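1. structure here, sequence nowhere to be found:
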Ligand code: UD1
């Protein structure tokens with residue numbers, strides 16, 4: 001069997017690493033042979049957003065890099081489709097495996113189906129119901145086209161049933177991100193907060209006079225267009241961070257290129273980096289993020305993957321969104337996260353409440369580190 005799998009952007013890398021390892025294990029057992037070709041669309045291209053993750057997670061170099069880079073959605077989608085069609089015509093795989101919900105996921109599944117190649121979607125069935133998010137459109141189209149829909153939780157399987165997806169296409173396999181978390185947690189735990197800060201300090205920023213220890217800092221990531229691209233939303237949030245979070249805790253903020261560009265455009269960059277409680281880092285590595293997450297008193301994020309990791313690690317998490325495609329991570333469902341949107345009043349109230357909470361790790365069904373193994377078994381037995 002021949003499989004082409006796709007990665008494009010940072011959150012894809014932790015999902016593909018265990019899948020490739022599980023294919024290697026399957027081939028070693030000798031009961032069959034899977035030929036695997038890894039394609040990187042090149043949507044994320046900075047060393048810190050891409051190559052560093054390949055190294056840290058032991059992902060082999062991609063067999064093919066489409067080098068799509070930045071651009072509007074239409075440019076990213078269109079250029080990926082044009083380049084990926086050539087790959088499929090040359091390699092004629094039995095399956096195209098896509099993960100997550102980035103532009104690469106959508107572009108590659110559309111072209112695979114146009115060429116009558118079967119598509120398998122890892123992380124199928126997530127729904128936020130928010131059609132203003134590009135990721136929601138990517139998820140809907142990819143799931144509609146997929147032949148095999150592998151879901152991380154039973155709520156996602158239910159979403160697919162409600163949309164009329166035939167039962168035999170849906171398989172609940174668990175969350176593949178957690179395979180990576182469990183495989184790398186011990187290594188992350190050994191890292192020092194001080195050396196993470198020293199190694200990743202963003203250009204023009206100062207090493208802090210006091211290095212925060214476990215439980216002494218807030219951790220933030222933010223990159224969604226709905227938070228970062230609106231001047232009003234973003235500048236109000238920055239005021240809240242400077243005036244209310246920073247006086248209470250040090251805030252460690254590994255900054256996404258999109259957020260940094262916007263801070264510079266709005267003239268807020270100098271104000272942020274001159275605050276001695278704000279520790280601004282370049283995008284950090286996988287183990288470094290897990291280590292900081294383990295030590296954080298509270299997480300503020302609009303990332304779906306971090307919401308899931310907070311759930312397993314128990315870090316109380318304010319999710320800076322009005323909705324989530326990952327409701328299983330919410331407090332009301334036993335998880336660690338609460339939706340606060342981008343209304344400052346609401347963020348403030350939940351922030352003070354959340355500071356009073358203890359860590360409460362939880363583990364949804366089949367988030368057990370063995371999802372990739374289940375996926376390869378299903379693919380190898382598919383008729
Ligand atoms: C993308 C995904 C999102 C995912 C996020 C994680 C889509 C629609 N969105 O959003 O689901 O959560 O990645 O990071 O696919 N840039 C760099 N260097 C890079 C990559 C990007 O400077 O290596 C810049 C780009 O030029 C652009 C901005 O960052 O200005 C945003 O990148 P883009 O790939 O368009 O989307 P993300 O916001 O990263």
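-> Cool, the structure landed. Please read these numbers as outputs of a predicted model, since none were measured by experiment. Numbers count the residues shown, from 1 in each chain.

2. name the nearest residue to the residue of the stretch 251-383 of the chain found nearest the ligand, sequence neighbours excluded.
-> Closest contact between the stretch 251-383 of the chain and the ligand, by C-beta to the nearest ligand atom, is at residue 257 (3.3 Å). To be clear about C-beta, it is placed using only N, CA and C from the backbone, and glycine gets the same treatment. With C-beta to C-beta, 6 or more residues apart in numbering as the measure, residue 46 is the residue that lies nearest to residue 257, at 6.7 Å, once sequence neighbours are left out.

3. surely the one you found touches residue 258?
-> No - between residue 46 and residue 258 no contact is recorded; they are 11.5 Å apart, counting by C-beta atoms under 8 Å.

4. neighbour count: those two, which is higher?
-> The residue with the greater number of neighbours, taking residue 46 and residue 258 and applying other C-beta atoms under 10 Å, is residue 258; the counts read 15 against 12.

5. list the contacts of the residue nearest to that one when sequence neighbours are not counted.
-> Counting by C-beta to C-beta, 6+ apart, the nearest residue to residue 258 once its immediate chain neighbours are dropped is residue 223, at 5.1 Å. Applying C-beta atoms under 8 Å, 6 or more residues apart in numbering to residue 223 gives the contacts 256, 258-259, 302-303.

6. the ligand contacts on the stretch 151-300 of the chain?
-> Contacts of the stretch 151-300 of the chain with the ligand, taken as C-beta under 6 Å from any ligand atom, map to 223, 256-258.

7. the residues you listed in helices, which ones?
-> Secondary structure defined by DSSP state H assigns 257-258 of these to helices.

8. per-residue confidence at the residue of the stretch 251-383 of the chain closest to the ligand?
-> You'll see residue 257 listed with a pLDDT of 95.

9. same deal with the one 5 residues further on?
-> Per-residue confidence for residue 262 comes out at a pLDDT of 97.

10. and for residue 57?
-> Model confidence at residue 57 (pLDDT) stands at 98.

11. residues near it, how many?
-> Neighbourhood size, residue 57 [other C-beta under 10 Å]: 20.

12. and if you look at residue 1?
-> Using other C-beta under 10 Å, residue 1 has 14 other residues around it.

13. so it touches residue 118, yeah?
-> No - shown here, residue 1 and residue 118 do not form a contact pair, counting by C-beta under 8 Å, at 10.5 Å.

14. okay, and the common contacts of the two?
-> Between them, residue 1 and residue 118 share these contacting residues under C-beta under 8 Å, 6+ apart: 94-95.

15. circling back: residue contacts, the residue of the stretch 251-383 of the chain closest to the ligand?
-> Taking C-beta under 8 Å, 6+ apart, one finds 46, 49, 283 in contact with residue 257.

16. re the thing from before, could you dump the residues of the stretch 151-300 of the chain next to the ligand to CSV with distance to residue 39?
-> As requested, these are exported to CSV (distance: C-beta to C-beta, whole Å):
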residue, distance to residue 39
223, 24
256, 24
257, 23
258, 24
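
17. and which of the residues of the stretch 151-300 of the chain next to the ligand is nearest residue 77?
-> Each of those was checked against residue 77 using C-beta to C-beta; the closest is residue 258, at 17.8 Å.

18. contacts only, for that closest one.
-> Contact analysis of residue 258 by C-beta under 8 Å, 6+ apart lists 223, 225, 228.

19. residue 251 versus that one, what's the distance?
-> 19 Å (C-beta to C-beta, to the nearest Å).

20. and what of residue 344?
-> As judged by C-beta to C-beta, residue 344 and residue 251 stand 16 Å apart.

21. ok, now residue 90?
-> When distances are taken as C-beta to C-beta, residue 90 and residue 251 turn out to be 48 Å apart.

22. likewise residue 240?
-> Between residue 240 and residue 251 the distance is 11 Å, computed by C-beta to C-beta.

23. so between the two, which is more surrounded?
-> Neighbour totals were compared for residue 240 and residue 251, and residue 251 leads with 23 against 17 (other C-beta under 10 Å).

24. right, and the more buried one touches residue 218 too?
-> Yes - the pair residue 251 and residue 218 passes the contact test of C-beta under 8 Å, sitting 4.8 Å apart.

25. who touches both of these two?
-> Shared contacts of residue 251 and residue 218, defined by C-beta under 8 Å, 6+ apart, are found at residue 245.

26. just the buried positions in the helix or strand where residue 77 lies, please.
-> Remark: residue 77 resides in helix 73-91, with elements defined by DSSP states H and E. By neighbour count with 16 or more other C-beta atoms under 10 Å, helix 73-91 contains the buried residues 76-77, 79-81, 83-85, 87-88, 91.

27. what of stretch 66-74?
-> By neighbour count with 16+ other C-beta under 10 Å, stretch 66-74 contains the buried residues 66, 68.

28. cool, and stretch 35-48?
-> With burial defined by 16+ other C-beta under 10 Å, the residues of stretch 35-48 counted as buried are 36-45, 48.

29. skipping adjacent residues, who's closest to residue 92 in space?
-> By the measure of C-beta to C-beta, 6+ apart, the closest residue to residue 92 outside its immediate chain neighbours is residue 2, 7.3 Å from it.
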